[in-house]
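*Asks:* build me a model:
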Amino acid sequence: MDKHEAKGAIKDAVGKVKDGFGGLTGKPTTQVDGKIDQASGKLEGKFGGQIDDLKEQGADLADAGSRLAGQAADQVRDAARATRAQASEYAHSAADAGAQASRTIGETAKRQPILSVVAIGAAGYLIGFLVHSPHSPFAPARSTRR
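*Replies:* Next up is the predicted model:
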């Protein structure tokens, strides 16, 4: 028997005593109070246990939600670590590729200086053409005033 059932049984018993006492003394208000106490006691005894059950189920749900939130946080943390490690690996690969390209360009410039000068000149010409061509998306806006 839980606390609600015990309280309900006590209220019911007190209500029966009041009802009986009101009947003996001829006081209808005491009898009505007794009947109200009896009904209240029966309701508390019947539904009080269910209230406790609902509280326990609510606590269980809260615990389950907390566990799920913890698991989700762990998964997000693990995914972030994996992403950070992969990004670091890509950055190192890009840095290695840049260093290799720099070495290759430097070696080519030492071995074939004339070809390097021609390539640099061609790149400069191409950039100039792209910037100054009227159809280039990189060209500065021209004034229409004359």
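*Asks:* use CA for all of it now, contacts and neighbours both
*Replies:* Fine.
*Asks:* which parts of this structure are helices?
*Replies:* Using DSSP state H, the helices found in the chain span residues 3-25, 28-111, 113-132.
*Asks:* adding mean neighbour count, mean pLDDT and distance to residue 138, write these out as TSV.
*Replies:* Shown next, in TSV, are the helices of the chain (neighbours: other CA atoms under 10 Å; pLDDT from 0 to 100; distance: least, CA to CA, whole Å):
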stretch	mean neighbour count	mean pLDDT	distance to residue 138
helix 3-25	18	83	82
helix 28-111	14	90	26
helix 113-132	13	90	5
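*Asks:* can you list these in TSV and add distance to residue 141?
*Replies:* As requested, those are exported to TSV (distance: least, CA to CA, whole Å):
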stretch	distance to residue 141
helix 3-25	84
helix 28-111	34
helix 113-132	10
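*Asks:* hmm, residue 28 is touching residue 22, no?
*Replies:* Yes. Between residue 28 and residue 22 there is a contact at 6.0 Å, judged by CA atoms under 8 Å.
*Asks:* so what sits against both of the two?
*Replies:* Residues touching both residue 28 and residue 22 by CA atoms under 8 Å, 6 or more residues apart in numbering: none at all.
*Asks:* list the contacts of residue 19.
*Replies:* Here residue 19 is in contact with 30, 31, 32, 33, 34, 35 (CA under 8 Å, 6+ apart).
*Asks:* the first one and residue 8, how far apart?
*Replies:* Yep, that's residue 30 we're talking about. Distance, residue 30 to residue 8, by CA to CA, to the nearest Å: 19 Å.
*Asks:* what of the fourth one?
*Replies:* Distance check for residue 33 against residue 8: by CA to CA, it reads 15 Å.
*Asks:* one more: the last one?
*Replies:* The spacing between residue 35 and residue 8, counted by CA to CA, is 13 Å.
*Asks:* check the second one too.
*Replies:* Here residue 31 is placed at a distance of 18 Å from residue 8 (CA to CA).
*Asks:* dump the residue contacts of the closest residue to residue 8 other than its chain neighbours.
*Replies:* Leaving aside its chain neighbours, residue 8 sits nearest to residue 41 (3.7 Å; criterion: CA to CA, 6 or more residues apart in numbering). Contacts for residue 41 (CA under 8 Å, 6+ apart) come out as 7, 8, 9, 10, 11, 12.
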